[in-house]
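[1] Structure, please.
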Amino acid sequence: MTNKRVAFILGGSGGIGKAIAEKLVEQNFAVAVHYSGNKVKAETLVEEIVKAGGEAISVGGDVADEAQMIDAFDLITAHFGGVDVVINTAGIMKLSPIATLDMEDFDQIQRTNVRGTFVVSKQAALSVRKGGAIINFSTSVTRTSFLAYGAYVASKAAVESLTLILARELRGKDITVNTVAPGPTATPLFLTGKDDETIENLAKATPLERLGQPDDIAETVAFLAGPARWVNGQTIFTNGGLA
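    Numbering: from 1, shown residues only. Reported below is the predicted structural model:
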């Protein structure tokens, strides 16, 4: 058990998820760091947090598997006493023109990004304590409409719509539900498969003329997880002015 507020960070061992975990620990949260495939990274992050005096545990599971997510929420509640904030950064991205996309890739994207968000949101709606927050993740490409992002954007547009509906369904519970939509951010998810010229062009596309950093996104999440009680049902585009 803990007297701190508790945050469950899905995809917590990844670039943005790791930055969020570290930021929330700075703000005196206890954190549950989720992993799907990389248990070692999650446990290493947890060890670093605990060594520095914070409270953290690692939690495995497939975000699209309802039984596994029920178990994950139960584990966190048993260890910390409850859940106050759920942040779902877990997602996959495969780029291809719509005309040539392998439908197996499409199904994988939808399973993780849409079903996974729905499953996690369902459990969060049942578990998050009064005064808490649910924070989903979209992408600024829902505005920029870059070529080859069709399947990915379709999944994230669904997340944005789901967020507003859930915010309204939780009327009277004092739980906010929002989506963060990052622009180009220097993480493996974004950088993989792109050549240097493409990355440089995307960096220069923003008025600030740089890529976002995981810490930039973590700042937005920390705001929504903490003081931003009047921000609800919104998609926050965090992209340096790109869109």
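[2] Enumerate every residue touching the spatially most central residue of the chain.
    Nearest to the geometric centre of the chain sits Thr89, at 1.8 Å (C-alpha atoms, centre = their mean). By C-beta atoms under 8 Å, 6 or more residues apart in numbering, the residues touching Thr89 are 9-12, 14, 16-17, 20, 137. The way it works is simple: take the backbone N, C-alpha and C, and place the C-beta from them, glycine included.
[3] The closest residue to it other than its chain neighbours: neighbouring residues, count only.
    The shortest distance from Thr89 to any non-neighbouring residue, by C-beta to C-beta, 6 or more residues apart in numbering, is to Gly11 (3.8 Å). Neighbours of Gly11 under the rule other C-beta atoms under 10 Å: 25.
[4] thought Gly11 was touching Val86?
    No: taking contacts as C-beta atoms under 8 Å, Gly11 lies outside contact range of Val86: 11.6 Å.
[5] isn't Tyr152 right up against Ile109?
    Yes: using C-beta under 8 Å, Tyr152 makes contact with Ile109 at a distance of 6.1 Å.
[6] any common contacting residues for those two?
    Among the neighbours of Tyr152, those also in contact with Ile109 (C-beta under 8 Å, 6+ apart) are 93-94.
[7] can you count the residues close to Met103?
    8.
[8] Show me where the protein has its helices.
    Using DSSP state H, the helices found in the chain span residues 15-26, 39-51, 66-80, 103-110, 116-127, 141-144, 150-169, 188-191, 196-204, 214-225.
[9] So which of the ones you listed is the most surrounded?
    Mean neighbour count (mean count of other C-beta atoms under 10 Å) peaks for helix 15-26 among these, with a mean of 24.
[10] who does it touch, helix- and strand-wise?
    If you count contacts as 3 or more C-beta pairs under 8 Å, 6 or more residues apart in numbering; DSSP states H and E, helix 15-26 packs onto strand 6-10, strand 30-35, helix 39-51, strand 83-88, helix 214-225.
[11] for the protein, which spans come out with low pLDDT?
    Nowhere does the chain drop to pLDDT under 70.
[12] Tell me which other helices or strands the longest strand belonging to the chain touches.
    The residue-count maximum for a strand in the chain (DSSP state E) belongs to strand 128-137. Judged by 3+ C-beta pairs under 8 Å, 6+ apart, strand 128-137 is in contact with strand 83-88, helix 116-127, helix 150-169, strand 176-182, helix 214-225.
[13] Which one of the ones you listed lies nearest to Phe190?
    With distances scored as C-beta to C-beta, the stretch of the helices and strands packed on strand 128-137 nearest to Phe190 is strand 176-182 (8.6 Å).
[14] mind checking how far the closest residue to Gly150 other than its chain neighbours is from His79?
    Excluding the flanking residues, the one nearest Gly150 by C-beta to C-beta, 6+ apart is Ile98, at 4.3 Å. Computed as C-beta to C-beta, to the nearest Å, the Ile98 to His79 distance reads 44 Å.
[15] Dump the helices and strands packed on helix 15-26 to JSON lines, plus distance to Phe146.
    JSON lines is the format used below for those (distance: least, C-beta to C-beta, whole Å):
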{"stretch": "strand 6-10", "distance to Phe146": "25"}
{"stretch": "strand 30-35", "distance to Phe146": "28"}
{"stretch": "helix 39-51", "distance to Phe146": "28"}
{"stretch": "strand 83-88", "distance to Phe146": "23"}
{"stretch": "helix 214-225", "distance to Phe146": "19"}
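[16] Would you mind telling me which of the ones you listed is nearest Arg115?
    Set against Arg115 and scored by C-beta to C-beta, the helices and strands packed on helix 15-26 come closest in strand 83-88, at 11.9 Å.
[17] what angle separates the closest one from helix 15-26?
    In terms of direction (axes from the mean of the first three to the mean of the last three C-alpha atoms, to 10 degrees), strand 83-88 departs from helix 15-26 by 160 degrees.
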